[in-house]
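1. I'll drop the sequence and a predicted model, then ask my questions.
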Amino acid sequence: MGEASIGSTGRLGTAVLGFPRFGPDRELKFALEAHWRGEVDEESLRATGRAVREHNRGLASAAGIDVVPVNDFSFTDHVLDTALMVGAARRPVPGLAGEFLLSRGDATHRPLEMTKWFDTNYHYLVPVVNPASGFAPDPSKPLAELAEAGAHARPVVVGPFSLLHLAKSADPAVDPLELLPDLVPVYAEVLRALAEAGASSVQIDEPCLVLDLDARQLAAAERALGDLVAAAPATALTVATYFGGLGAALEPVLGLGAAEVHLDLVRDPAQLEPALRAASSSGTRLSLGIVDGRNVWATDPAPALSLVDAAVAALGPDRVTIAPSCSLLHVPYSAARETGLMPEVRSWLAFAEEKLSELAVLSRAAVASGAQREDIVGAMGRVVAERRASALTNRADVRERVAAITPDDLRRATPVARRAEAQRAALALPPLPTTTIGSFPRTAEIRDARRRHGTGEMADDAYRRYITDQITDAIAWQERVGLDVLVHGEPERNDMVQYFAEQLEGFAVTEHGWVQSYGSRGVKPPILFGDVSRPRPMTVSWWQIAQDAATKPVKGMLTGPVTILRWSFVRDDQPESDSAWQVALAIRDEVADLEAAGNRVIQIDEAAFREGVPLRTSERDGYFDWATASFRLCSSGVDDATQIHSHMCYSEFNEIIEHIASLDADVISIEASRSGMELLDAFRAFDYPAEIGPGLYDIHSPRVPTADEMEALLVLAAERIPLERLWVNPDCGLKTRRWEEVEPAVTAMVEAAHRRRAAAGHEAAT
Ligand code: GLN
Ligand code: ZN
């Protein structure tokens, strides 16, 4: 039943907006991959899906959760599912096979574009709506999942406003939002079908309402959702918002007449007060997102309960539900399983299962008072107090170092143009220097060696010898191909963040802590739990092996603080900037050690710099301040002649170019091949002062580009960036490619550089 009331249960109602989808042991991932390899048929894939859903429902019922979602599950993506449900996407062939063609493509079908789901590391499929073809209802998926779970469950769909806001239009002259009036009646038909099947309530996810919306967008959302509420009188609609506060949309959303509105009070607790004012007159129930669905920390009961108390005082207990702030898709299943963690750290964690238990405890505490409440949440409160007081989160040595950072630590002493002269003299590189981004193909053999080393099957010294051979082979190959600045190839790294997290104090790495990224892919973010330090050098010995084998300079290869933080679960007990300073000091020490070992070219990757930009414009300046300063803290302790590189895996720079410049790197390499170098206009218009390597080789594709193509791209680049500031490199690291592709592609890239060099010399001479 959607509206569990305190009268019947003796506690506040609890709800869950969505569950993780992979299953506790990533059953769905493995079933999907086996299905795609043709080893598992559709029937058994579907059976795995059913088992995952059943497992999730079991967790909810064990915790006594009142409102349990259905249709949060997906074999592909919930945005695609919703698009299919309303005819905003169409399967090229029927059934799951058609969905996989949309999500993955094949030789003849181009998959839908994929992009980040708000500021999470989940990626959704971008529907392309065609204004000419209209919409049509197909409620079969939510109906089937409702039948499976029972009619008390609450179907969840992406709402019409967010669906179109996240979509692209097949006709560039038509803004997808213009199609809202056509789409809403189709949603209404779906709701009708669900009501007939017994659903008394439906969760309409409208996370786009927390973005900066202009008046036209907000009016469109208000009208569409108001119409939907009016069109479905038999269904209690919960309009669910998350990943931020509603801001200017708060009053309009509470005035829709929806049965319930869900608010993310973890990201924006201050919105509760105005929400209560608006809700007390409108009759709308509130679902309070008080347990963090985006992070892994046990909830602090006191502030959570004070929000609940305020809501109960204003609305009465029957009009208040408590829930995680958003779907639990973004956290792993079970912290209890992480027996390899320090017990102290493990006790601070709450993954999906623990969050359900927290909800159950909070719902009882919410209606208890005084000593009784203290009995119920005492243990929860103690965990948070222990974490706050722990020596692991309060290291005097680390805090003193951060406090002692001076403005001089955040900038290089000499401006970039003068440093370039010193570097030219020291490195003596040819014009249009060629390099790669860091990693070489991650062969099955390398992965196997790492795995066997992990299990102890391969002894440390055998592993070291193996990696050493990989590195020296990679160096020999690069010398043969004629690259100018070499890399060691990163064979020892499982992942560009985890590799560092494993070596830094203050980070933990989990065994089962997977979170879906897209399709069958997941990531296992490290957990930044405490104050950070670097007990010993992390990369110097591998770099040394590479440099000893090389006649050309070898780049040192590090990951920057923004990327380390963005791809980890971070502390919520201090501002992210404080964590960034600590990580940056550790990287700064690594930079210093590399330089002391003789390394004169050091790359600090900031792959996540752009995706770290906050959703709300008002929060962006604060982000850029610490993000750029922490990069400079890593990189500015070096001599003028030491060249700092950074790498970024994206091609949209227009809005962030000034912040890229304030990283004050000597050289950046960026993704560029697919945009035909047009992105470099931003660098020209801004008068970007440093050197740039626009990617010439699209490493996302198995296709091997020719020297002619890459030379043509280089010509286009040279029209925008002076030749003496241009580098030649691929779009990104080569770890996902095979040597059969990399060898000819990099050879052709070097050939293209040589041709342009010869042409430039020729032009200079005449
Ligand atoms: N140095 C890393 C590599 O080459 C960079 C990866 C990335 O930018 N995502 O793999
Ligand atoms: Zn990259």
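-> Thanks, I have the structure now. Ligands and ions are numbered 1, 2, ... in the order given.
2. hey, let's count contacts and neighbours off CA atoms from now on
-> Will do.
3. in what helix or strand does the residue lying closest to residue 503 once chain neighbours are set aside lie?
-> Distance criterion Cα to Cα, 6 or more residues apart in numbering; nearest residue to residue 503, sequence neighbours excluded, is residue 538 at 6.7 Å. Under the criterion of DSSP states H and E, residue 538 resides outside all helices and strands.
4. now for whichever residue of the stretch 251-400 of the chain sits closest to ligand 2: which residues touch it?
-> Residue of the stretch 251-400 of the chain nearest ligand 2, by Cα to the ion: residue 330 (23.1 Å). Going by Cα atoms under 8 Å, 6 or more residues apart in numbering, residue 330 touches 20, 120-122, 293-295, 515-516.
5. and what of residue 170?
-> 128-131.
6. mind doing that once more with 6 Å?
-> 128-130 (Cα atoms under 6 Å, 6 or more residues apart in numbering).
7. how about the residue positioned nearest the centre of the chain: what's its closest non-neighbour residue?
-> By Cα atoms, centre = their mean, the chain has its centre lying nearest to residue 121, at 2.0 Å. Of all residues not flanking residue 121 in the chain, residue 517 sits nearest, at 5.8 Å (Cα to Cα, 6+ apart).
8. so the one you found makes contact with residue 125?
-> No. Using Cα atoms under 6 Å, residue 517 makes no contact with residue 125, being 11.6 Å away.
9. please say which of the two ends up with more neighbours.
-> Higher neighbour count among residue 517 and residue 125: residue 125, with 26 against 19, using other Cα atoms under 10 Å.
10. now the more buried one: how far from residue 114?
-> Residue 125 sits 5 Å away from residue 114, taking Cα to Cα, to the nearest Å as the criterion.
11. return the closest of the contacts of residue 170 with respect to ligand 2.
-> Distance to ligand 2, by Cα to the ion, is smallest for residue 128 among the contacts of residue 170, at 26.6 Å.
12. who are the contact partners of that closest one?
-> Counted by Cα under 6 Å, 6+ apart, residue 128 has contacts 167-170.
13. quick one: average pLDDT of whichever strand or helix holds residue 141?
-> In the assignment (DSSP H and E), residue 141 maps to helix 140-149. Computed over helix 140-149, the mean pLDDT rounds to 98.
14. pull it out as PDB, backbone CA atoms only.
-> The C-alpha trace of helix 140-149 is given here as PDB (Å, rounded to 0.1, in the frame of the first residue of the first chain):
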ATOM      1  CA  SER A 140       4.000  -4.100 -20.800                       C
ATOM      2  CA  LYS A 141       7.200  -3.900 -18.800                       C
ATOM      3  CA  PRO A 142       5.900  -2.200 -15.700                       C
ATOM      4  CA  LEU A 143       2.800  -4.300 -15.900                       C
ATOM      5  CA  ALA A 144       4.800  -7.500 -16.000                       C
ATOM      6  CA  GLU A 145       7.000  -6.400 -13.100                       C
ATOM      7  CA  LEU A 146       4.000  -5.200 -11.100                       C
ATOM      8  CA  ALA A 147       2.300  -8.600 -11.600                       C
ATOM      9  CA  GLU A 148       5.500 -10.300 -10.400                       C
ATOM     10  CA  ALA A 149       5.900  -8.200  -7.300                       C
END
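15. what residues sit buried inside that helix?
-> In terms of neighbour count (16 or more other Cα atoms under 10 Å), helix 140-149 has its buried residues at 141-143, 145-147, 149.
16. residue 309: neighbour count?
-> 17.
17. low-confidence ranges in this structure?
-> Scanning the chain for pLDDT under 70 picks out the ranges 1-9, 762-766.
18. the nearest residue to residue 677 once chain neighbours are set aside sits in which helix or strand?
-> Spatial nearest neighbour of residue 677, chain neighbours left out: residue 717 (5.8 Å); criterion: Cα to Cα, 6+ apart. Here residue 717 is covered by helix 707-720, with elements defined by DSSP H and E.
19. what's the span of stretch 32-52, first residue to last?
-> 13 Å.
20. can you give me how far that stretch is from the chain middle?
-> Relative to the centre of its chain, stretch 32-52 is centred 26 Å away, using Cα atoms, centre = their mean, to the nearest Å.
21. check which residues of it are buried.
-> 32-33, 35, 42, 45-46, 48-50, 52.
22. again, but for stretch 234-241
-> Buried positions in stretch 234-241, judged by neighbour count with 16+ other Cα under 10 Å: 235-241.
23. make TSV out of these and add secondary structure and distance to ligand 2.
-> What follows is the buried residues of stretch 234-241, written out as TSV (DSSP: H, G, I helix; E, B strand; the rest coil; distance: Cα to the ion, whole Å):
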residue	secondary structure	distance to ligand 2
235	coil	47
236	strand	46
237	strand	42
238	strand	40
239	strand	37
240	strand	34
241	coil	32
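24. in TSV: these, plus distance to ligand 1.
-> Compiled in TSV, these are given as follows (distance: Cα to the nearest ligand atom, whole Å):
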residue	distance to ligand 1
235	45
236	44
237	41
238	38
239	36
240	33
241	31
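25. pick out whichever of these sits closest to residue 73.
-> Closest approach to residue 73 among these (Cα to Cα): residue 240, at 16.8 Å.
26. and that closest one, how far is that from residue 209?
-> In terms of Cα to Cα, residue 240 sits 9 Å off from residue 209.
27. from the buried residues of stretch 234-241, which single one is nearest residue 559?
-> Here the nearest of the buried residues of stretch 234-241 to residue 559, counting by Cα to Cα, is residue 241; it sits at 33.5 Å.
28. quick one: the strands in the stretch 301-450 of the chain?
-> Along the stretch 301-450 of the chain, counting by DSSP state E, counting those that start in this stretch, strands occupy 320-324.
29. which non-adjacent residue is nearest whichever residue of it sits closest to ligand 2?
-> Among the residues of the stretch 301-450 of the chain, residue 437 lies closest to ligand 2, at 7.2 Å counting by Cα to the ion. What sits nearest to residue 437 in space, not counting adjacent residues and going by Cα to Cα, 6+ apart, is residue 733, at 4.8 Å.
30. wait, is the one you found part of a helix?
-> No. Under DSSP: H, G, I helix; E, B strand; the rest coil, residue 733 sits outside any helix and is assigned coil.
31. would you quantify the distance from it to ligand 2?
-> Using Cα to the ion, to the nearest Å, residue 733 is found at 6 Å from ligand 2.
32. can you count the residues close to that residue?
-> Neighbour number of residue 733 under other Cα under 10 Å is 20.
33. so which residues on this protein come close to ligand 1?
-> Within reach of ligand 1 by Cα under 6 Å from any ligand atom, the chain has these residues: 437-439, 607, 648-649, 732-733, 735.
34. and the residue of the stretch 451-600 of the chain closest to ligand 2?
-> residue 496 (10.4 Å).
35. buried ones in stretch 250-268, by neighbour count?
-> By 16+ other Cα under 10 Å, the buried positions in stretch 250-268 come out as 250, 252-268.
36. regarding this structure, what is its longest helix?
-> Of all segments of type helix in the chain, defined using DSSP state H, the longest is helix 739-765.
37. for that one, buried residues please.
-> By neighbour count on 16+ other Cα under 10 Å, the buried set for helix 739-765 is 741-742, 745-754, 756-757.
38. closest to residue 87 among those?
-> Nearest member of these to residue 87, counting by Cα to Cα, is residue 741, at 39.1 Å.
39. identify the residues contacting the closest one.
-> residue 704.
40. distance-wise, check it relative to ligand 2.
-> For residue 741, the distance to ligand 2 (Cα to the ion) stands at 18 Å.
41. what's the spacing between that residue and residue 484?
-> Residue 741 is 20 Å from residue 484, by Cα to Cα.
42. angles on the backbone of the residue lying closest to residue 245 once chain neighbours are set aside, please.
-> Nearest residue to residue 245, sequence neighbours excluded (Cα to Cα, 6+ apart): residue 268, at 5.0 Å. Note on residue 268: its backbone torsions stand at phi -140, psi 80 [degrees, to the nearest 10].
43. now swap in the one 10 residues further on and tell me
-> Phi and psi for residue 278, reported as degrees, to the nearest 10, are phi -70, psi -40.
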